[in-house]
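J.: Sequence and predicted model, in that order:
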Amino acid sequence: MIGLLSLGAKVNFYLPNRVKDGTYRWNGKTVIQHKQGTLVPIHGLVYNEPWVYSTPVVTDTGVSVTTSIALTKQSALFEAYPFPCTLQVTYTLQSNGVTVTYSVINDGEQELPFGFAL
């Protein structure tokens with residue numbers, strides 16, 4: 001990875017929708033969706049965070065770049081989403097359009113809930 005994307009990607013992860021009262025239950029535990037002490041009941045947590053990006057790949061048919069954000073125990077987002085993981089999003093531009101692919105890598109030992117939206 002070569003740098004930080006300071007504006008983040010316009011990605012809604014881990015929950016791309018509203019969360020009633022900013023609280024949810026998972027595997028018998030209640031999680032309050034706080035981000036740096038502020039309740040965040042809407043549209044995920046990562047859309048305005050810094051992302052790491054890789055060197056763009058240029059081919060004869062287009063160009064692509066992969067961005068990623070890691071949610072670790074040290075992350076400010078971990079209080080709201082206590083599941084260590086890495087989200088990767090790849091944007092590929094070709095003459096016929098743009099393709100967006102994503103993957104969620106579970107860096108922990110328990111199941112993790114997630115949703116994804118652009």
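T.: That came through, no problem. Residues are numbered from 1 along each chain as shown.

J.: The residue of the chain most remote from its centre: helix or strand, and which one exactly?
T.: Centroid-distance maximum for the chain: D60 at 29.6 Å, with CA atoms, centre = their mean. Remark: D60 resides in no helix or strand, with elements defined by DSSP states H and E.

J.: gap between it and N17?
T.: Distance of D60 to N17, given as CB to CB, to the nearest Å: 40 Å. (Glycine included, C-beta is placed from N, CA and C.)

J.: what's the answer for Y47, then?
T.: Plainly put, Y47 is 13 Å away from N17 if you go by CB to CB.

J.: more neighbours, the two?
T.: Y47 (17 against 11; other CB atoms under 10 Å).

J.: Provide the secondary structure category for the more buried one.
T.: Secondary structure assignment for Y47 (DSSP: H, G, I helix; E, B strand; the rest coil): coil.
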